[in-house]
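Engineer: dropping a prediction and its sequence here:
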Amino acid sequence: MNLDDAVRKVPDFPKPGILFYDITSIFTNPAAFKFVVDSMLAHYSGVDVDGVIAIESRGFLLGSCFAVSRGVPLVLARKKGKLPGKTVAMSYDLEYGSATLEIHEEDLALSRRWLIIDDLIATGGTLAAVAKMIEVRGGEVLGIFSIIGLPFLNYKNKIGKYKPKTLIDYDSESCKTE
Ligand code: AMP
C-alpha cells in the first residue's frame with residue numbers, strides 16, 4: 001500500500017504557507033482505510049491498553065475502530081464548549097494558532113492505560129495536552145497513534161516519551177513510508 005497516494009495535499013490551507021495533509025481521502029478509499037486500521041491494530045496487538053482517547057475530529061474515526069475491535073472504552077477529547085458534562089480542559093499551541101480541548105472528567109476514571117489517537121502529529125502540542133490531562137488524573141499513556149507525522153516540527157521533543165507511532169512521515173521536501 002502506497003499510503004502517500006491516498007493522502008490529499010492542499011497547499012495554503014487553512015492559511016498561506018501551510019501544506020494541509022487531508023486524510024478524508026483515506027476514508028473514501030476502502031483499501032487505504034483498511035490498511036490504516038489493520039496497521040494500527042497490529043501495532044498494538046500486544047499492548048495492554050484499556051482505554052482509547054480520540055481527538056476531535058478526525059481522530060474519532062480511527063479511535064472508534066480501535067475501541068470496537070479491542071473492546072475498550074472510547075473517550076472523546078473535544079473542542080471547548082462541545083461536551084455537556086463536567087469537563088477537564090487543557091489549552092495548547094498549534095502549528096497555526098492555539099486551542100483548548102476538553103474531556104468529560106468522569107470518562108477519565110474509566111481506564112488507566114490509555115492509547116491516544118489523532119490523524120496527524122505536527123508540533124505534538126495537541127497530543128501533549130491530552131497526555132497531561134490523563135497523567136494529572138493518575139492515568140498512564142501507553143502510546144500515541146497517528147496516520148501522519150511531521151518530524152521536521154520536532155514533535156518528539158514534546159511527546160517522544162509516549163512512543164508515537166505514525167504510518168507515514170513527511171518532511172518539508174519529500175516523504176517516506178514504512
Ligand atoms: P499539533 O498539535 O501541532 O501536533 O497539531 C496537530 C493537529 O492539528 C491535528 O489534529 C491535525 O489534524 C492538525 N494539523 C496540524 N498541522 C496540520 C497539517 N499540516 N495538515 C493537516 N492537519 C494538521
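Structural biologist: That came through fine.
Engineer: so the residue positioned nearest the centre of the chain, which state does it fall into?
Structural biologist: Centroid-nearest residue in the chain: Asp118, 1.5 Å away (criterion: CA atoms, centre = their mean). Under DSSP: H, G, I helix; E, B strand; the rest coil, Asp118 falls in the strand class.
Engineer: dump the residue contacts of it.
Structural biologist: Residues near Asp118 by CB atoms under 8 Å, 6 or more residues apart in numbering: Ala54, Ile55, Arg58, Gly59, Thr126, Leu127, Ile144, Phe145, Ser146. Heads up, the C-betas are built off the backbone N, CA and C, glycines and all.
Engineer: what about 7 Å?
Structural biologist: Counting by CB atoms under 7 Å, 6 or more residues apart in numbering, Asp118 touches Ile55, Gly59, Thr126, Leu127, Ser146.
Engineer: identify the bridge partners of it.
Structural biologist: Ser146 (DSSP bridges).
Engineer: of the contacts of Asp118, which belong to helices?
Structural biologist: Counted as lying in helices by DSSP state H, out of the contacts of Asp118, are Gly59, Thr126, Leu127.
Engineer: hmm, which of those is lowest in pLDDT?
Structural biologist: Lowest pLDDT within those is found at Thr126 (94).
Engineer: how close does it get to Asp119?
Structural biologist: 10 Å (CB to CB, to the nearest Å).
Engineer: which one of these two has more residues nearby?
Structural biologist: Thr126 (28 against 22; other CB atoms under 10 Å).
Engineer: for that one, what are its contacts?
Structural biologist: Thr126 makes contact with Ile55, Tyr92, Leu94, Asp118, according to CB under 7 Å, 6+ apart.
Engineer: and the ligand, which of the residues you listed reach it?
Structural biologist: Taking CB under 6 Å from any ligand atom as the test, the ligand is in contact with Ile55, Leu94, Asp118 out of the contacts of Thr126.
Engineer: would stretch 100-115 count as contacting the ligand?
Structural biologist: No. Counting by CB under 6 Å from any ligand atom, the ligand has no neighbours in stretch 100-115; the shortest distance is 9.7 Å.
Engineer: just the endpoints, please. Distance across that stretch?
Structural biologist: Across stretch 100-115, the terminal residues are separated by 20 Å (CA to CA, to the nearest Å).
Engineer: all good on my end, thank you.
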